[in-house]
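K.L.:
below is the sequence, then the predicted model.
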Amino acid sequence: MQKVTIDENLCKGCSLCITACPKKIVALSKDKLNAKGYHPAEVVDQDACISCVMCALMCPDCAITVQK
């Protein structure tokens, strides 16, 4: 089950979610570019997510949704 969903079209690759994640499971995609030309953030290990919501709180574009 996916805990964190990132809207790739809203993400501008600012990396604030990466620094906020205590489990260090968020990274910028190396392969994908969104419609704006940015490398969007992605969760590399959904199972390690503790649903702390820190990534969503730090996102200035509200591109991250966390399921508890």
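P.N.:
That came through, no problem. Residues are numbered from 1 along each chain as shown.
K.L.:
unless I'm mixing things up, residue 14 is touching residue 60, no?
P.N.:
Yes - here residue 14 reaches residue 60: they are 6.7 Å apart, a contact under Cβ atoms under 8 Å. Using the backbone N, CA and C atoms, a C-beta is placed for each residue, glycine as well.
K.L.:
strands along this structure, start to end?
P.N.:
4-6, 26-28, 41-43, 64-66 (DSSP state E).
K.L.:
mean pLDDT and mean neighbour count added to those, as JSON lines?
P.N.:
JSON lines is the format used below for the strands of the chain (pLDDT from 0 to 100; neighbours: other Cβ atoms under 10 Å):
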{"stretch": "strand 4-6", "mean pLDDT": "96", "mean neighbour count": "18"}
{"stretch": "strand 26-28", "mean pLDDT": "98", "mean neighbour count": "19"}
{"stretch": "strand 41-43", "mean pLDDT": "97", "mean neighbour count": "22"}
{"stretch": "strand 64-66", "mean pLDDT": "97", "mean neighbour count": "19"}
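K.L.:
make a markdown table out of those and add distance to residue 35.
P.N.:
Listed next are the strands of the chain as a markdown table, based on distance: least, Cβ to Cβ, whole Å:
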| stretch | distance to residue 35 |
| --- | --- |
| strand 4-6 | 14 |
| strand 26-28 | 16 |
| strand 41-43 | 15 |
| strand 64-66 | 17 |
